[in-house]
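Visitor: Turn this into a structure:
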Amino acid sequence: MKDRAIRLGIGFLAAAVLLGAAPGEDLAGKARAMIDALRRGDYEAATRDFDATMRGLSGPEKTGEFWTILQTRIGAFKERTAERRENLGQFEIVLVTCVFEKTTLDARIVFDAEGKIAGFQFVPSSPPVESLPPPYADRERFTETEVTVGSEPWTLPGTLARPKENGPVPAVVLVHGSGPNDRDETIGPNKPFRDLAWGLASRGIAVLRYEKRTRVYGTKLAADASLTVREEVIDDAVEAVRLLQKTDGLDPRRIFVLGHSLGGMLMPRLALALKPLGAAGFISLAGLTYPLEDTILVQTAYILSLDGGLSEEDRKKLEEVETDVAKIKALTEADRGSTEKPLNAAPAYWLDLRGYDPLETVVRVDRPMLFLQGGRDYQVVPENLERWKKALEGRSDAAFKLFPKLNHLFGEGEGISTPSEYLEHPKVVAKDVIDEIEAFVLKGGNS
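Guide: Next up is the predicted model:
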């Protein structure tokens, strides 16, 4: 059975929605402390940072029993050596290499948005899976420079990939999905925003990608019960467009915005917010059309079903999500100031989303639009593309494309898509996706 992190942590919409462990938090130190506590037999200390579900299923006593059985099978623990940290959507993972008498294993310790341990198991020790550079990228055709998006107190570091050819050239702003994403939208060894930037810049289109506000300022924002998608996503995307329109060598009349997952869902709202700046067109990759909380529940049930049956831990997790979804459905304006966080976001966040219908809003967008969808996407299923298409029926300036073999990150594969696909089989954004976006942009958004 896959560990809880892989089954529940992967994906832009699973389990935790908004904030993840801050990049600067000493999660590696917490992981080392846990292993050291196991070594000295202090199981209360070893489980001190477990979240509620973990403590209920594997408290000090059960953890002690597990540690004893493990050493009976593979020999006494000798030492811990290196550790490394990985981003997995809304979760952060620390892998601590542990040497036993008979073998070497990695302790995979999963941290949730609050820095609590949400998953723990030993896996075969192996080097990290390396990210693959996209074969269609020609690094000789573009340069990358560091830029700053926005102004104090919310400045964000970013990277502008700029073609070497003479301008003015068109440009695209990349807008993230859910969670505290980095500028590459890194999930395991996959870096879809890097692929998009390098692929398009190789074809004469500048691309701006930047760190998400909830990644750079996660600790500060975690205490803000008034946070909505405006502060999380929209304000910074507007600032990114503003920056490109002032950048020499770029065509201010040909600035496009591409949103992925949550960013794709918010594309119509972004389009309205950007109307005063005159953005040229909008691109939605795997844009959600259903309520976010409902999708999280469906997604969680799907992931838990992959093992063929529900364990006690699985049932408890599904019940937790069901309870949180019910709380979100029951929210009223009187709850707006509450600090409770169902599905890891305060009521203000959910109430704001309740007032936004992407399908009703998209008909008010008066710019060209392109909608792309992977056929193997279990996070935002292909039905969403059909819903966008129906809402915009008759619009000659809206184009739609389904890629049957692509997953949520627009990497190619076969069979049903699973969370482990993102960790064990690194992929790049498919070339066909780059082709579609290039054609849309270079035609000025006219489909």
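
Visitor: which residues touch the nearest residue to E140 once chain neighbours are set aside?
Guide: Excluding the flanking residues, the one nearest E140 by Cβ to Cβ, 6 or more residues apart in numbering is K164, at 8.0 Å. The way it works is simple: take the backbone N, C-alpha and C, and place the C-beta from them, glycine included. By Cβ atoms under 8 Å, 6 or more residues apart in numbering, K164 lies in contact with 140-143.

Visitor: Could you dump these into TSV and include secondary structure and distance to P426?
Guide: Shown next, in TSV, are the contacts of K164 (DSSP: H, G, I helix; E, B strand; the rest coil; distance: Cβ to Cβ, whole Å):
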residue	secondary structure	distance to P426
E140	coil	24
R141	coil	24
F142	strand	22
T143	strand	25
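
Visitor: Highest neighbour count among those?
Guide: When neighbours are counted by other Cβ atoms under 10 Å, F142 leads the contacts of K164 with 23 neighbours.

Visitor: wait, that one sits on T159?
Guide: No. Using Cβ atoms under 8 Å as the test, F142 is too far from T159 to be in contact (11.2 Å).

Visitor: Mind picking out the helix or strand in this structure with the poorest mean pLDDT?
Guide: Confidence across the helices and strands of the chain bottoms out at helix 4, with a mean of 42, counting by mean pLDDT, DSSP states H and E.

Visitor: quick one: average pLDDT of the helix or strand just after that helix?
Guide: Going down the chain from helix 4, the next helix or strand is helix 27-39, by DSSP states H and E. The average pLDDT for helix 27-39 rounds to 92.

Visitor: next SSE after helix 27-39?
Guide: helix 43-46.

Visitor: May I have the helix or strand just after that next one as CSV, with CA atoms only?
Guide: Toward the C-terminus, helix 43-46 is succeeded by helix 52-57 as the next helix or strand (DSSP H and E). This file holds the C-alpha atoms of helix 52-57, laid out as CSV (Å, rounded to 0.1, in the frame of the first residue of the first chain):
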residue,chain,number,x,y,z
ALA,A,52,-4.4,14.0,15.2
THR,A,53,-5.0,11.2,12.8
MET,A,54,-1.5,9.8,13.1
ARG,A,55,-1.6,10.0,16.9
GLY,A,56,-5.0,8.2,16.9
LEU,A,57,-3.7,5.4,14.6
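
Visitor: The helix or strand just after helix 52-57: which residues count as buried?
Guide: Using DSSP H and E, the next helix or strand after helix 52-57 towards the C-terminus is helix 60-74. Within helix 60-74, the residues that qualify as buried are 60, 63-64, 66-67, 70, 74, counting by 16 or more other Cβ atoms under 10 Å.

Visitor: Tell me where this structure has strands.
Guide: Assigned by DSSP state E, the strands in the chain fall at 77-88, 91-100, 104-111, 117-124, 142-149, 156-163, 169-175, 206-210, 250-260, 281-285, 369-374, 398-403.

Visitor: Can you pick out the most distant pair from the buried residues of helix 60-74?
Guide: P60 and I74 (21.7 Å; Cβ to Cβ).

Visitor: Spatially nearest residue to I283, not counting backbone neighbours?
Guide: Nearest to I283 is L258, by Cβ to Cβ, 6+ apart, at 4.1 Å.

Visitor: Next: G56.
Guide: K316 (7.0 Å).

Visitor: What of A237?
Guide: Per Cβ to Cβ, 6+ apart, closest to A237 is V175, 4.9 Å.

Visitor: just checking, the one you found touches M265?
Guide: No. V175 lies out of contact with M265 (Cβ under 8 Å); the separation is 10.3 Å.

Visitor: So for those two, which residues contact both of them?
Guide: By Cβ under 8 Å, 6+ apart, the residues touching both V175 and M265 are G259.

Visitor: End to end on stretch 236-253, go ahead and measure it.
Guide: 19 Å (Cα to Cα, to the nearest Å).

Visitor: List the buried residues in that stretch.
Guide: For stretch 236-253, by 16+ other Cβ under 10 Å, it's 236-245, 247, 250-252.

Visitor: Against which helices or strands is the longest helix along the chain packed?
Guide: Using DSSP state H, we find that the single longest helix of the chain is helix 312-329. Packing partners of helix 312-329 (3 or more Cβ pairs under 8 Å, 6 or more residues apart in numbering; DSSP states H and E): helix 52-57, helix 292-305.
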